[in-house]
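K.L.:
Just a sequence and a predicted model for now, questions to come.
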Amino acid sequence: MKETTIRALRKTLTSKTIPVAMGVVLTFSPWLAHANIFGEGRILGTGGVTTVSGAAGGGIVPWALIGGYGDNEQIGYTAFYTNLATSNYLLNAYGGSVGIDNRVEISLAQQSLGLGNTANFLDMELGEPAGSNVPLQDGTDLTQDIVGLKVRLFGNAIYQQNTWLPQVAFGVQYHRNHNVGLGGSANLLGVLGAKSNGTSYYLAATKVWLDGLWGHTTLLDVDVDATRANQNGLLGFEGIQNTRYHYEPEVSAGIFLNRRVVLGGEYRAMPQNQLLGDNATGNAISQTNAWKDLYVAYIPNKNFSITVAYAMLGHVATLNNQSGLYTSVTASF
């Protein structure tokens, strides 16, 4: 009885953490503004947009830029919502970040992946080799929370135009996967041989040329991601054979067609860990491809941006060619 109560309380507190934190920030922000610590001292576009994991950057690749428009001795913050619909899956993400002194960024995000009609297939396939009934149904969601921390180490992507030195930041993201919607006591990730929690680390280098390609402002970001995540943590961490960190490259590039419109693309390599077992089903679930996108971002002012992209996720949980429309909005304060 006590264990059941504790589990229910833990689930409630965890599921409410992000909405409550965001609500507190938004409720008290008008009053806090009078403290003269919140500001928008940086120029338009220097906060980037928001990745699906909550960090400032592109759509799928974090940049070395700090979220919001707060400059030195200022605090800026953001809130975001993202929707990605492929031919079979539906990903929703929301959260926010706080940027402090243009030096430190703290972010929170929650992701929910709808399995679509893959759920019944997985239910039948996983029940036999695992010897356990995993009660998946069409429409089942897998949900995870992501807490991120990013620190700018050196450089300034905008103001150091007379040098090739980029802005460099170190980031860490902690993922907690909840297996929401599975019902009963079954644990999908446990059946797959994956862990529900994991931490990823990345080093990001971002350079902006104000007089770049064809005279337009041009951005280039290169990251190295140290991770054990399966599909960014939505299918857990590690596998049945491999527990080591993978070092994966990430690249993001964009060109400002004018002060408010950015056109670009991204590439994010994904590790592949063996899940379930070395059999047809296990191999089909384990297979991953790099995530890619082509995006256009519209930034009319410092308080709002919208990003639309064609995202190509490749092979996801037994299905190939999972591509679709990615839409994200970010509010900055």
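P.N.:
Noted; the coordinates are in hand. Numbering: from 1, shown residues only.
K.L.:
does the residue nearest the centre of the chain count as helix, strand or coil?
P.N.:
With distances taken as CA atoms, centre = their mean, S53 lies nearest the centre of the chain, 1.7 Å away. Assigned by DSSP: H, G, I helix; E, B strand; the rest coil, the conformation of S53 is coil.
K.L.:
Which residue is the nearest non-sequential neighbour of it?
P.N.:
I146 (5.1 Å; CB to CB, 6 or more residues apart in numbering). Yep, even glycine has a C-beta here, placed from its N, CA and C like the rest.
K.L.:
what separates the closest residue to E73 other than its chain neighbours from N197, distance-wise?
P.N.:
Distance criterion CB to CB, 6+ apart; nearest residue to E73, sequence neighbours excluded, is D101 at 6.1 Å. Here the distance between D101 and N197 works out to 30 Å (CB to CB, to the nearest Å).
K.L.:
Three-state assignment for G171, please.
P.N.:
strand.
K.L.:
pretty sure it contacts T206?
P.N.:
No: using CB atoms under 8 Å, G171 is not in contact with T206; the gap is 11.9 Å.
K.L.:
who's in contact with the residue nearest to S53?
P.N.:
Neighbouring residues of I146 by CB atoms under 8 Å, 6 or more residues apart in numbering: 53-54, 95, 107-111, 173-176, 233.
K.L.:
Give the buried subset of those residues as a ChimeraX selection command.
P.N.:
Those of these that count as buried under 16 or more other CB atoms under 10 Å are selected in ChimeraX with:
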select :53,54,95,107,108,109,110,111,173,175,176,233
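K.L.:
Make a markdown table out of the contacts of I146 and add distance to S328.
P.N.:
Listed next are these as a markdown table, based on distance: CB to CB, whole Å:
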| residue | distance to S328 |
| --- | --- |
| S53 | 12 |
| G54 | 11 |
| G95 | 11 |
| S107 | 14 |
| L108 | 16 |
| A109 | 12 |
| Q110 | 14 |
| Q111 | 12 |
| Q173 | 18 |
| Y174 | 22 |
| H175 | 19 |
| R176 | 22 |
| G233 | 18 |
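K.L.:
for the contacts of I146, which one is nearest G76?
P.N.:
S107 (12.4 Å; CB to CB).
K.L.:
Which helix or which strand is home to the closest one?
P.N.:
S107 belongs to strand 104-114 when assigned by DSSP states H and E.
K.L.:
Reformat the contacts of I146 as CSV; add distance to A317 and pLDDT.
P.N.:
Formatted as CSV, the contacts of I146 follow (distance: CB to CB, whole Å; pLDDT from 0 to 100):
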residue, distance to A317, pLDDT
S53, 19, 96
G54, 23, 96
G95, 23, 96
S107, 26, 97
L108, 26, 97
A109, 21, 97
Q110, 20, 96
Q111, 15, 95
Q173, 21, 98
Y174, 23, 97
H175, 17, 96
R176, 20, 93
G233, 13, 93
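K.L.:
Check the residue nearest to S53 and give its pLDDT.
P.N.:
pLDDT for I146: 97.
K.L.:
about what we covered before: what residues are up against the residue nearest to E73?
P.N.:
D101 neighbours (CB under 8 Å, 6+ apart): G70, N72, E73, Q74, I75.
K.L.:
Give me the neighbour count for the last one.
P.N.:
When you say that, I think you mean I75. Residues lying near I75 (other CB atoms under 10 Å) number 19.
K.L.:
Offset the numbering so it begins at 643, please.
P.N.:
Will do, 643 is the new start, and the previous item becomes I717.
K.L.:
What's opposite it in the beta bridge?
P.N.:
F680, I742 (DSSP bridges).
K.L.:
hang on, isn't it packed against G683?
P.N.:
No: using CB under 8 Å, I717 is not in contact with G683; the gap is 10.8 Å.
K.L.:
A helix includes N874, no?
P.N.:
Yes: with three-state DSSP as the criterion, N874 is located in a helix.
K.L.:
Let me see the contact set for it.
P.N.:
Per CB under 8 Å, 6+ apart, neighbours of N874: V694, S695, Q753, M912, W933.
K.L.:
7 Å instead?
P.N.:
For N874, the contact set (CB atoms under 7 Å, 6 or more residues apart in numbering) comprises S695.
K.L.:
Tell me if I am right that W856 is in a strand.
P.N.:
No: counting by three-state DSSP, W856 is not part of a strand but helix.
K.L.:
list the contacts for it?
P.N.:
Per CB under 7 Å, 6+ apart, neighbours of W856: none.
K.L.:
Quick check: it vs G696, distance?
P.N.:
33 Å.
K.L.:
Mind listing the residues bridging to the residue nearest to S695?
P.N.:
A751, H817.
K.L.:
what about the strands in the stretch 643-792 of the chain?
P.N.:
Listed in chain order, the strands of the stretch 643-792 of the chain (DSSP state E, counting those that start in this stretch) span 691-692, 698-699, 717-728, 732-742, 746-756, 783-796.
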